[in-house]
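Visitor: mind looking at a prediction? Sequence and model below.
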Amino acid sequence: MKRKWFIVILILAIVAVVLTIVFINLFRERDTRSLANNINSVVVEGYLNDESDEYRTINEYLDTIYPLIGSQEERAEIQNMQNTYKAYVVYGEFVNKQFVFSTYTNVYREKSRNVSRNFSRAQNSANSLENYIEENRDVTSGSDFWTANSWANCKQYMQDLFTYTVNAFDNLGDIYTSCVTSPTMNNDLTALVFETAKALADDTVQNVTTAGHGASLLNFVNNYLTPEQEDVILEYIYNTTAQGNVKIITEQTEGWEEIYNRFLAGAIA
């Protein structure tokens with residue numbers, strides 16, 4: 001009899017623990033802190049900081065190796081990946097400053113884990129590439145032949161860094177537009193900028209061995225997301241001309257292509 005009561009009490013205790021966990025998960029306050037910390041980590045301390053060791057080492061290496069590569073396709077690939085990397089440093093800094101003012105949404109729930117996973121993989125690729133470059137610096141120093149041939153071992157690291165970073169930002173733009181609460185820094189123009197950056201990045205991925213695509217992405221991002229240019233977004237809600245042009249581009253009404261081309265060049269108003 002005592003054994004029977006012991007089993008009943010044990011079962012009730014287990015049920016209580018399970019219900020407590022379910023209750024906590026259902027009603028706990030949900031926030032965007034996890035992704036915000038992850039973004040801040042890669043932007044302030046990691047590979048998306050243009051003053052970090054990995055960023056400087058990788059870009060110095062790519063600058064050195066670019067003229068030594070004989071294949072035009074590989075040279076275009078190096079340049080496209082390097083310019084994309086530079087573009088996302090700017091993009092990341094912009095998002096990092098604003099993401100502290102964000103709220104939990106369904107889009108965040110669906111996509112934040114993907115962003116964090118891709119940032120982690122990209123950071124690992126950047127670390128591996130930096131380590132390889134540093135460990136082999138003495139071997140290749142002074143030899144154009146060995147420096148050029150080092151690309152065979154570095155290429156995969158750079159391709160992974162490129163791919164993971166593009167994947168992270170393809171989702172991060174969607175999260176930003178659904179989560180950031182400031183109407184001055186998250187509006188229809190911001191959404192259009194992020195959508196266009198995504199399209200340009202995807203175009204670069206598909207045409208990575210053709211010169212110029214990464215440069216188009218970098219130039220576009222510099223037109224809107226640098227500290228010097230972000231006032232264009234900040235002032236958007238007060239600029240009826242810009243609002244009208246964004247509406248025309250978004251709805252693709254008559255004459256939108258000409259306005260879109262000016263938008264790509266940095267002129268939305």
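Guide: Looks like it came in fine.

Visitor: residue 63 versus residue 153, what's the distance?
Guide: Distance, residue 153 to residue 63, using CB to CB, to the nearest Å: 18 Å. The C-beta positions use only the backbone N, C-alpha and C, and glycine is treated the same way.

Visitor: care to break the protein down by domain?
Guide: With automatic domain parsing as the criterion, the domains of the chain are listed as 1-30, 32-238.

Visitor: so who does the closest residue to residue 187 other than its chain neighbours touch?
Guide: Using CB to CB, 6 or more residues apart in numbering and skipping the chain neighbours, the partner closest in space to residue 187 is residue 236 (5.4 Å). For residue 236, the contact set (CB atoms under 8 Å, 6 or more residues apart in numbering) comprises 184, 187, 188, 189, 190, 242, 243, 246, 268.

Visitor: in PyMOL, how would I select just the buried ones from the residues you listed?
Guide: Selection command for PyMOL covering only the buried members of the contacts of residue 236, criterion 16 or more other CB atoms under 10 Å:
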select buried, resi 187+188+189+190+242+243+246+268
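
Visitor: just the ones of the contacts of residue 236 in helices?
Guide: If you go by DSSP state H, those have 188, 189, 190, 242, 243, 246 in helices.

Visitor: for the chain, what are the low-confidence residue spans?
Guide: 1-29, 139-142, 145-146 (pLDDT under 70).

Visitor: check contacts around the residue nearest in space to the middle of it.
Guide: Nearest to the mean C-alpha position of the chain, by CA atoms, centre = their mean, lies residue 169 at 3.0 Å. Residues near residue 169 by CB under 8 Å, 6+ apart: 88, 91, 92, 197, 198, 201.

Visitor: how close does the second one sit to residue 109?
Guide: Going back to what we said before, that points to residue 91. Look at residue 91 and residue 109: by CB to CB, they are 22 Å apart.

Visitor: which of these two has more neighbours?
Guide: residue 91 (27 against 11; other CB atoms under 10 Å).

Visitor: show me what contacts residue 53?
Guide: By CB under 8 Å, 6+ apart, the contact set of residue 53 is residue 130.

Visitor: equivalent analysis for residue 90, please.
Guide: Residue 90 makes contact with 218, 221, 222, 225, 226 under the criterion CB under 8 Å, 6+ apart.

Visitor: give me that answer again for 6 Å
Guide: Going by CB atoms under 6 Å, 6 or more residues apart in numbering, residue 90 touches 221, 225, 226.

Visitor: now swap in residue 157 and tell me
Guide: 125, 128, 129.

Visitor: what sits closest to the last one if chain neighbours are left out?
Guide: To tie it back to what came earlier, the one meant is residue 129. Distance criterion CB to CB, 6+ apart; nearest residue to residue 129, sequence neighbours excluded, is residue 157 at 3.8 Å.

Visitor: now do the helix or strand where the one you found lies: distance to the chain's middle.
Guide: Assigned by DSSP states H and E, residue 157 belongs to helix 151-179. Put simply, helix 151-179 sits 6 Å off its chain's centre (CA atoms, centre = their mean, to the nearest Å).

Visitor: ok, residue 133 - how many residues close by?
Guide: Around residue 133 there are 22 residues (other CB under 10 Å).

Visitor: make that residue 194, sorry
Guide: Residue 194: 24 neighbours (other CB under 10 Å).

Visitor: next one: residue 37
Guide: When neighbours are defined as other CB under 10 Å, residue 37 has 11 of them.

Visitor: same check on residue 100?
Guide: Neighbours of residue 100 using other CB under 10 Å come to 12.

Visitor: sec struct for it, please.
Guide: Under the three-state scheme (DSSP: H, G, I helix; E, B strand; the rest coil), residue 100 adopts coil.

Visitor: from residue 236, how far out is it?
Guide: Taking CB to CB, one finds residue 100 at 21 Å from residue 236.

Visitor: now swap in residue 229 and tell me
Guide: Counting by CB to CB, the gap from residue 229 to residue 236 is 12 Å.

Visitor: what is in contact with these two at once?
Guide: Counting by CB under 6 Å, 6+ apart, residue 229 and residue 236 have no shared contacts at all.

Visitor: residues touching residue 211, list them.
Guide: residue 76.
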